[in-house]
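1. I'll drop the sequence and a predicted model, then ask my questions.
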Amino acid sequence: MKNTYKTKAREEIISYLKNHPEQRLTAREIYEAVCDGEKTVDRTTIYRNLDRLCENGGLMRFKEPNQESWYYQYSSDHEHCDRHMHAQCSVCGKVFHLDRPFVDAFAEGMIKEYGLDISPADTVILGKCSECKGIKRS
Ligand SMILES: [Zn+2]
Ligand SMILES: [Zn+2]
């Protein structure tokens, strides 16, 4: 019975994330949604669960340029988001999971050429996706 409360928090977080896939969410938004006006879950529990989901599940976190706080984004199709880098469209926020071999080759090249060991979980390459490039500004 000891773990019921914590398990419930975790389930609520996951179900909230599943209902909002591919969206940028702050920890605060997730916290408020899970609490739903009641102060039954403490903030630390939420953060701890988010950390764990980043390690094991399809949750990735990243920082917006010039922003202090972390954003979280859930992808139902992806796992091990801590093991690959991500790219993001700076216009619409779409995230690409860079789990292709050429990305690993790039990471190996970085070590070889520059001695820099990339930490995949913290690396987001910014760009403009093909859809956003197609939008003409009037
Ligand atoms: Zn990913
Ligand atoms: Zn875009």
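-> All right, it came through fine. Ligands and ions are numbered 1, 2, ... in the order given.
2. tell me the helices in this protein, going along the chain?
-> For the chain, applying DSSP state H gives helices covering 4-19, 27-35, 43-56, 101-114, 130-134.
3. Any chance of these in CSV with mean pLDDT and mean neighbour count as columns?
-> Quick note: C-beta positions are derived from backbone N, CA and C, even for glycine. Formatted as CSV, the helices of the chain follow (pLDDT from 0 to 100; neighbours: other C-beta atoms under 10 Å):
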stretch, mean pLDDT, mean neighbour count
helix 4-19, 81, 15
helix 27-35, 87, 17
helix 43-56, 85, 16
helix 101-114, 95, 12
helix 130-134, 90, 10
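4. And those helices: which comes nearest K63?
-> Evaluated over the helices of the chain, closeness to K63 peaks at helix 27-35, with 12.2 Å, by C-beta to C-beta.
5. now the closest one and helix 4-19, what's the angle there?
-> Orientation of helix 27-35 against helix 4-19 (axes from the mean of the first three to the mean of the last three C-alpha atoms, to 10 degrees) gives an angle of 120 degrees.
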